[in-house]
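**Student:** How does the following fold in three dimensions:
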Amino acid sequence: MAEILIVDDDSQLRQSFEKLLKQEGHLVRVASSGEAGVAAVNESVPDLVIMDMRMSGITGLEAFRQMRETAPRMSVIIMTAYGTTETAIEATKMGAYDYILKPFDIPEMLALIHQALETSRRSKEHTATREQVSSSTNQLLGSSRAMQKVYKSIGRVAATDALVLIRGESGTGKELVAQAIYKHSLRQEKPLLIINCVAIPDTLLESELFGYEKGAFTGANRSRAGRIEQAAGGTVFLDEIGDMPLNIQAKILRLLQEKQLERLGGGSSIPVDVRILAATNRDLEKAVADGEFREDLYYRLNVVTIRLPKLCERNDDVFELANHFLDRLSAEMEMHNPGLSEDGKEFLVTHEWPGNVRELSNAIQKALIFNRGAPITRDELTQVVGLSSDRHAPSDVSDDAFKAEIRQVLTKHAGENGFEMLMDYAGRLVVGEALEITGGNRTRAAKLLGMSRPTLSARIDKYGLRTHIKVN
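**Tutor:** Numbering: from 1, shown residues only. Okay, the predicted model is just below:
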């Protein structure tokens with residue numbers, strides 16, 4: 001027989017729980033508020049507390065904090081009708097055994113209670129916590145079961161110093177997971193360094209990550225600490241680690257195993273205290289089999305893994321995400337938020353979203369730009385999604401034109417800086433299209449491209465587009 005404390009301001013729920021758990025053979029106490037629950041724990045520590053998140057008076061989280069001062073090893077199950085990102089992460093990080101969404105399935109709840117009671121004497125996670133992070137535009141969203149699992153994983157791993165590998169398709173939010181882990185970690189006051197391993201050329205990646213000594217190569221007139229060394233005491237997020245060159249994988253493995261690095265051209269090891277988070281959208285198992293990824297590094301990384309679901313696997317979240325993007329993007333672009341028509345909503349849940357959350361965000365942004373004030377319809381969404389997907393069609397006419405331009409540049413300018421010339425060609429097309437879509441409005445075009453207005457102006461000057469746009 002176990003002693004269980006029920007803390008909830010809903011008298012009907014308290015009575016139902018009390019009757020149910022007594023039938024299961026448990027000793028049950030009840031409290032009608034967070035304050036009463038704290039007092040009950042101070043009087044006698046139960047084996048398990050089952051507590052609501054939102055109550056009159058202090059919240060369930062605040063009551064939980066106070067209870068843990070008296071009974072840090074006590075098992076607690078949180079009940080909530082509001083499965084938000086921060087609630088999930090905070091409750092789990094603080095040491096809650098689990099949390100469950102209302103309304104819940106009775107057999108599922110009884111099984112959870114049984115599991116919690118079995119581990120009521122087990123050490124909980126670190127109790128240190130920070131104030132709940134305020135909402136921002138760069139946050140994970142979604143209340144689906146798939147995302148609740150992600151939030152729980154973040155909460156359990158955040159307050160440790162463990163290496164975490166975040167896996168998922170492009171556009172699922174891997175960087176947001178890394179940021180959430182960092183925000184809730186013990187290193188939150190130290191730097192977070194985000195490094196995209198495919199954005200830095202292979203020839204520069206080693207020196208960027210690990211630094212170099214004076215004379216290591218032509219032009220190395222002084223020693224320089226690399227990014228990892230500069231982040232000492234903080235967190236380094238290695239995005240797209242699956243595409244990292246093999247020679248640098250070996251140095252990353254040494255960093256993970258020995259907490260040391262060696263600068264390019266250096267002969268001595270430098271101790272480094274950083275936490276490593278990594279992410280990839282690659283099939284690492286296949287990459288190992290193909291000899292493109294080190295097997296020893298794979299096993300070193302594949303200890304604590306958080307897998308992000310595809311958007312089509314969390315359809316329950318589509319409306320929440322779409323409404324969030326509508327609110328945020330309409331405010332950023334200083335436009336009216338028209339909302340969604342019924343057939344527009346139907347399209348959102350039936351589309352497969354191969355680009356995941358990023359594709360949804362882009363589709364909402366484009367639909368807002370073309371919208372004339374009425375609720376966004378299925379036809380509007382179909383058009384903007386079609387425009388997006390057409391760019392990737394292998395038989396697309398613009399693709400053929402671009403390939404022809406590539407051949408022409410490489411033929412006429414062999415041995416010259418052909419790559420940069422082609423990047424400028426692509427950049428000119430992209431910036432020009434953004435200006436065309438926004439009617440030459442630089443502010444809106446910059447937001448559409450995800451860059452600052454000064455950066456856009458510099459690109460306009462570089463590509464000679466000034467005469468083709470309106471000045472504003």
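
**Student:** What residue spans form the domains of this protein?
**Tutor:** Residue ranges for the domains of the chain, per automatic domain parsing: 3-118, 160-307, 313-390, 397-468.

**Student:** quick one, strands of the stretch 101-250 of the chain?
**Tutor:** Taking DSSP state E, counting those that start in this stretch to define them, one finds strands in the stretch 101-250 of the chain at 164-167, 192-196, 211-212, 224-225, 235-239.

**Student:** Of those, which shows the lowest average pLDDT?
**Tutor:** Looking at the strands of the stretch 101-250 of the chain, the lowest mean pLDDT belongs to strand 224-225 (a mean of 83).

**Student:** Walk me through which strands that strand pairs with, and which way each runs.
**Tutor:** strand 211-212 (antiparallel) (DSSP bridges).

**Student:** contact partners of the partner strand?
**Tutor:** Strand 211-212 is contacted from outside by 220, 223-226, 229, 263-266, using C-beta atoms under 8 Å, 6 or more residues apart in numbering. C-beta here means a position set from N, CA and C on the backbone, and glycine is covered the same way.

**Student:** Please narrow those residues to those residing in helices.
**Tutor:** Under the assignment DSSP state H, those contribute Glu229 to helices.

**Student:** Of the contacts of strand 211-212 - the most surrounded one?
**Tutor:** Among the contacts of strand 211-212, the one with the most neighbours (other C-beta atoms under 10 Å) is Arg263, at 22 neighbours.

**Student:** re the thing from before, for the domains of the chain, could you give me JSON lines that also reports distance to Met147?
**Tutor:** What follows is these, written out as JSON lines (distance: least, C-beta to C-beta, whole Å):
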{"stretch": "domain 3-118", "distance to Met147": "8"}
{"stretch": "domain 160-307", "distance to Met147": "9"}
{"stretch": "domain 313-390", "distance to Met147": "6"}
{"stretch": "domain 397-468", "distance to Met147": "24"}
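
**Student:** which helices and strands does the longest helix seen in the chain pack with?
**Tutor:** In the chain, assigned by DSSP H, the helix with the most residues is helix 418-437. Packing partners of helix 418-437 (3 or more C-beta pairs under 8 Å, 6 or more residues apart in numbering; DSSP states H and E): helix 397-412, helix 442-449, helix 453-463.

**Student:** and with 10 Å instead?
**Tutor:** helix 356-370, helix 397-412, helix 442-449, helix 453-463 (3 or more C-beta pairs under 10 Å, 6 or more residues apart in numbering; DSSP states H and E).

**Student:** Can you lay out the strands of the stretch 101-250 of the chain as CSV showing distance to Leu448?
**Tutor:** Listed next are the strands of the stretch 101-250 of the chain as CSV, based on distance: least, C-beta to C-beta, whole Å:
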stretch, distance to Leu448
strand 164-167, 28
strand 192-196, 21
strand 211-212, 37
strand 224-225, 36
strand 235-239, 23
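
**Student:** quick revisit: right, and the domains of the chain - which one's nearest Leu141?
**Tutor:** The closest of the domains of the chain to Leu141 is domain 313-390. By C-beta to C-beta, the value is 5.6 Å.

**Student:** Of the domains of the chain, which shows the lowest average pLDDT?
**Tutor:** Of all these, the segment with the smallest mean pLDDT is domain 397-468, scoring a mean of 72.

**Student:** after the helix or strand hosting Lys251, next one along is what?
**Tutor:** Element membership of Lys251, judged by DSSP states H and E, is helix 246-258. Using DSSP H and E, the next helix or strand after helix 246-258 towards the C-terminus is strand 260-261.

**Student:** so where do the helices sit in the stretch 51-200 of the chain?
**Tutor:** Listed in chain order, the helices of the stretch 51-200 of the chain (DSSP state H, counting those that start in this stretch) span 60-70, 85-93, 106-118, 145-158, 174-183.

**Student:** my guess is Lys366 contacts Thr382, does it?
**Tutor:** No: using C-beta atoms under 10 Å, Lys366 makes no contact with Thr382, being 11.5 Å away.

**Student:** Not counting sequence-adjacent ones, nearest residue to the most centrally placed residue in the chain?
**Tutor:** In the chain, the centroid-proximal residue (C-alpha atoms, centre = their mean) is Leu176; its distance is 2.1 Å. The shortest distance from Leu176 to any non-neighbouring residue, by C-beta to C-beta, 6 or more residues apart in numbering, is to Leu140 (5.1 Å).

**Student:** mind checking how far that neighbour is from Leu456?
**Tutor:** Shown here: Leu140 relative to Leu456, a distance of 29 Å by C-beta to C-beta, to the nearest Å.

**Student:** Which of Lys366 and Thr382 has more residues huddled nearby?
**Tutor:** Neighbours per residue (other C-beta under 10 Å) separate Lys366 from Thr382, with Lys366 holding more: 20 against 16.

**Student:** which residues sit in contact with the more buried one?
**Tutor:** Lys366 is in contact with 329, 380-381, 383-385, 387-388, 437, 448, counting by C-beta atoms under 10 Å, 6 or more residues apart in numbering.

**Student:** So which of these is the closest to Tyr99?
**Tutor:** Using C-beta to C-beta, those come closest to Tyr99 at Leu329, 31.1 Å.

**Student:** these two touch, right, the closest one and Leu368?
**Tutor:** Yes: at 5.7 Å, Leu329 and Leu368 qualify as touching, with contact defined as C-beta under 10 Å.

**Student:** Which residues are in contact with each of those two?
**Tutor:** By C-beta under 10 Å, 6+ apart, Leu329 and Leu368 have these common neighbours: 335, 337.

**Student:** how about the helices in the stretch 201-350 of the chain?
**Tutor:** Along the stretch 201-350 of the chain, the stretches classed as helices by DSSP H, counting those that start in this stretch are 202-210, 227-230, 246-258, 284-289, 295-301, 318-332, 342-350.

**Student:** Let's have those in JSON lines, adding distance to Leu360.
**Tutor:** Formatted as JSON lines, these follow (distance: least, C-beta to C-beta, whole Å):
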{"stretch": "helix 202-210", "distance to Leu360": "31"}
{"stretch": "helix 227-230", "distance to Leu360": "32"}
{"stretch": "helix 246-258", "distance to Leu360": "33"}
{"stretch": "helix 284-289", "distance to Leu360": "26"}
{"stretch": "helix 295-301", "distance to Leu360": "29"}
{"stretch": "helix 318-332", "distance to Leu360": "6"}
{"stretch": "helix 342-350", "distance to Leu360": "8"}
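
**Student:** I appreciate the help and will end here.
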